[in-house]
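Participant: Please find the sequence and the predicted model below.
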Amino acid sequence: MKKGVVSMFVFVMIFSLSGCWDSRELNDLALVMAVGIDKVKNTDDFRVTVQIAKPSGGGQPGKGGSAAADEPVWTASAEGNTIFEAIRNLAKFSSRRIMWAHNNIIIIGESVARDDITPVIDFFTRNVELRMRTWVAVARGEARNYVSAKTGLENIPAMSISSLFRYSELPSESVKTEVIDLFSDFLSDSIQPMVSGLRMRERVISTENKQEHGGEKQVELAGGAVFKDTKLVGWVSPEETRGLAWIRNEMNNAIITVPCGKNKKKQISIELRYAQTDLISKIDNNMPSITIKASARGDITEQDCLTHLSTEQLKEKVEQLANDEIRNEIKLGVKKVQKEFKSDILGFGRTIHIQHREKWYGGIKEKWEEIFPEIPVTVQVDIHINKMSLYQEPMKIEKVESGNYK
């Protein structure tokens, strides 16, 4: 009897199963690799540009074929009153359904960034297919030019652009922004968003049309886009961005150069690692102040000059010069965002919020926009040189020559 009841139950359950009713075949999908969002000139409409991986292609055009037919990606754009409507309008000429699960990067055009980034954040955080770890960047100019650019070593250009973030810490002249980072800063009341910046530069020499330098434009990470509330207020240069990276504790690895004695043409290169920055806040008479304490370890990797100094003497001299160089970089970045943009991308408000919670909610928070540009900032830097990677001792001279250390 029990076996019969179990058999009947299994039989009913089998027929009640719906199966993969919402499955989508790969052959029916258009896999987005990169997307750009622009504003249509002189309107409030959006233009969405997508780079979609083709199911085949990427090789050389065959006999009687064309290069366009064998491109590994298909790039197209559509317009609409909203971002979602523009994407749906892609269906008018796309033979496949758009899928976002493999998207590598969202590129926000400068026109959208200066107007309002709220629609971008809202759409891409609501989209269940999109990963919150997707890279986000702001383009100088129109995003569609970056999405459609042939750039990098990969067959699919979007893969090359997204890989830039992986190695951006080597020069440390840009920031790494993911959707989740932008979303978090966007909602915060104690820090403003700073987003990776993109620009186009002639870097690659074309094999078909050789020139002396830079025959093809490439997309590169350079500097950052500074926001205040929901709008882009300006750009920080790569040099300024490196100073800001110290403050935001985003400095992992960097190369700095210091002069080799009085001869400014001779340089010493230092590779920095294990960077750490602490922000310490104080409040006197309801006026906060911030002390920035930055430290790192470094190796001397190149020495262009000869010197009579011993190893320890050279290390001490280089440490002093490195401290001065980094201090100047940090001050340069602070001055730009504090005095010119008046946007707290530095996390000063977040520091005060954490370290002086009662006073933050006791009146500082409400007046933060007025207080932030006037906060006194002190910068302390401590760089320790571990060793000289090329030689255990500096290259020496028997007699001090002009332009070297004295």
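Facilitator: Cool, the structure landed.

Participant: From Lys231, how far off is Arg126?
Facilitator: Relative to Lys231, Arg126 is positioned 21 Å away (criterion: CB to CB, to the nearest Å). The way it works is simple: take the backbone N, C-alpha and C, and place the C-beta from them, glycine included.

Participant: quick one: which of these two has more around it?
Facilitator: When Arg126 and Lys231 are compared on other CB atoms under 10 Å, the one with more neighbours turns out to be Lys231, at 13 against 9.

Participant: and the more buried one, backbone torsions?
Facilitator: Here the main-chain torsion angles of Lys231 (degrees, to the nearest 10) amount to phi -120, psi 150.

Participant: confidence score at it?
Facilitator: Among the per-residue scores, Lys231 shows a pLDDT of 96.

Participant: Beta-bridge partners for it, please?
Facilitator: Applying DSSP bridges to Lys231 yields these beta-bridge partners: Lys228.

Participant: That one is in contact with Ser111, isn't it?
Facilitator: No - with contact taken as CB atoms under 8 Å, Lys231 and Ser111 are classed as non-touching, separated by 11.5 Å.

Participant: so where's this structure uncertain?
Facilitator: Segments of the chain classed as low confidence (criterion: pLDDT under 70) are 1-27, 56-70, 204-215, 387-406.

Participant: what's around Asp115, how many residues?
Facilitator: Using other CB under 10 Å, the number of residues around Asp115 comes to 15.

Participant: Now the residue lying closest to Ile117 once chain neighbours are set aside. Its backbone dihedrals?
Facilitator: Distance criterion CB to CB, 6 or more residues apart in numbering; nearest residue to Ile117, sequence neighbours excluded, is Thr230 at 5.6 Å. Listed backbone geometry of Thr230 is phi -110, psi 10, with angles given as degrees, to the nearest 10.

Participant: can you check the one 5 residues further on too?
Facilitator: For Trp235, the backbone dihedrals (degrees, to the nearest 10) come out as phi -110, psi 150.

Participant: beta partners for it?
Facilitator: Residues in a beta bridge with Trp235, per DSSP bridges, are Ala225.

Participant: My read is that it contacts Gly197, right?
Facilitator: Yes - with contacts defined as CB under 8 Å, Trp235 counts as touching Gly197 at a distance of 6.1 Å.

Participant: shared neighbours of the two, anything?
Facilitator: Taking CB atoms under 8 Å, 6 or more residues apart in numbering as the contact criterion, the common neighbours of Trp235 and Gly197 are 140, 223-225.

Participant: Let's see if you can find the most crowded of those residues.
Facilitator: When neighbours are taken as other CB under 10 Å, the top entry among the shared contacts of Trp235 and Gly197 is Gly224 (30 neighbours).

Participant: Quickly note the distance from that residue to Gln303.
Facilitator: 32 Å.

Participant: Could you report the neighbour count for Thr118?
Facilitator: Thr118 has 12 neighbours, counted by other CB under 10 Å.

Participant: show me what contacts it?
Facilitator: Counting by CB under 8 Å, 6+ apart, the residues that Thr118 touches are Thr230.

Participant: Phi first, then psi, for it.
Facilitator: Recorded main-chain torsions at Thr118 are phi -60, psi -50, according to degrees, to the nearest 10.
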